[in-house]
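Colleague: Need the 3D shape of this:
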Amino acid sequence: MRPLAELLRHLSRPGVTELTLATGRPPMIRGSNGYEPLDPAAVTTDDVVRALQAMVGVARASSVSDAPSNWSVNANGLGALSIAAMRRGDLMHLRLSRAAEVAASAPAAVAPP
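Modeller: Below is the predicted model:
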């Protein structure tokens, strides 16, 4: 797998809202045209775990289970990132989204009358 810093740089590209790492699949970015692979090589569970550990620390990364775990971090040059991860057996899935993009796509709260 390419270095995490190199993969994260794709989040600064216009229209790219998400970076996804999942066991057995290539690293993917999500943009206006859907998902696009960044590398032909599939990511291993160890790759995903190391990426998550780099983003949230070893203790938090080790707590990931089949229930989704969520964090927010501030990445240099990218700003706030929302992180979602889950693990089922030997399979691991990690999704990194720019927090501004997540907030913009969330439905607006309705003010009470």
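Colleague: Pull out the buried positions in the longest helix along the chain.
Modeller: Counting residues, the longest helix found in the chain (DSSP state H) is helix 45-56. For helix 45-56, a neighbour-count test (16 or more other CB atoms under 10 Å) marks Thr45, Asp47, Val48, Val49, Ala51, Leu52, Met55, Val56 as buried. C-beta: built from backbone N, CA, C; applies to glycine.
Colleague: swap in stretch 72-87?
Modeller: Result for stretch 72-87 [16+ other CB under 10 Å]: buried residues Ala75, Leu78, Leu81, Ser82, Ile83, Ala84, Ala85, Met86, Arg87.
Colleague: For it, which outside residues touch it?
Modeller: With CB atoms under 8 Å, 6 or more residues apart in numbering as the contact definition, stretch 72-87 has outside contacts at 8, 11-12, 48, 52, 55-56, 61, 64-71, 92-100, 102.
Colleague: Output it in CSV with nothing but the alpha carbons.
Modeller: Extracted in CSV, the C-alpha atoms of stretch 72-87 (Å, rounded to 0.1, in the frame of the first residue of the first chain):
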residue,chain,number,x,y,z
SER,A,72,-12.6,13.3,14.5
VAL,A,73,-9.0,14.4,14.0
ASN,A,74,-7.2,17.4,12.7
ALA,A,75,-4.8,16.5,9.8
ASN,A,76,-2.1,19.0,8.8
GLY,A,77,-3.0,20.6,5.5
LEU,A,78,-6.5,19.0,5.4
GLY,A,79,-8.2,20.3,8.5
ALA,A,80,-10.8,18.2,10.3
LEU,A,81,-11.3,14.6,9.2
SER,A,82,-14.1,12.3,10.3
ILE,A,83,-12.9,8.7,10.7
ALA,A,84,-15.2,5.6,10.8
ALA,A,85,-13.8,2.1,11.2
MET,A,86,-15.2,-1.4,11.8
ARG,A,87,-13.8,-4.9,11.9
